[in-house]
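>>> no sequence on this one, just coordinates:
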């Protein structure tokens, strides 16, 4: 952008954002699959411990499965930035992110293996 190549910069920005969205959806799908497998196993374990009448009753009183947006919220809440830690500010008592300095260590060794592939 510094040299006026606005269209090229915008294309790179859009590509980066789309790849981020794709990774987020993949993480949500993985979380959903894990949740379904866990719920399925829990259900099988519960069936072995219940009578036929209680199983029939539960079939009519089930809660809906969490929506995709809930999985995206969980994915977002589990995200851990590489270069920052979440801490409570002692003055404001609010969550804040503190720079760890590890970026500069990685830059010195030119080791970016822990970073997600963004392009």
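Nice, thanks for sending it over. Keep in mind that what you see is a predicted model, and the values were worked out from it rather than measured. Numbering: from 1, shown residues only.
>>> secondary structure class for residue 98?
strand (DSSP: H, G, I helix; E, B strand; the rest coil).
>>> Now for it, how many residues are close by?
Per other C-beta atoms under 10 Å, the neighbour tally for residue 98 reads 11. Where you see a C-beta, it was placed from the backbone N, CA and C, and this is true even at glycine.
>>> which residue is nearest the middle of the protein?
In the chain, the C-alpha nearest the mean C-alpha coordinate belongs to residue 75, at 2.2 Å (C-alpha atoms, centre = their mean).
>>> so it is in which element?
Using DSSP states H and E, the element containing residue 75 is helix 68-78.
>>> And that helix, what does it pack against?
With contacts taken as 3 or more C-beta pairs under 8 Å, 6 or more residues apart in numbering; DSSP states H and E, helix 68-78 sits against helix 6-48.
>>> any low-confidence regions in this protein?
Within the chain, the segments meeting pLDDT under 70 span 1, 39-69, 71.
>>> Break it down into its domains, please.
1-38+68-79, 80-111 (the TED database).
>>> Let me know which of the ones you listed is tucked in deepest.
domain 1-38+68-79 (a mean of 12; mean count of other C-beta atoms under 10 Å).
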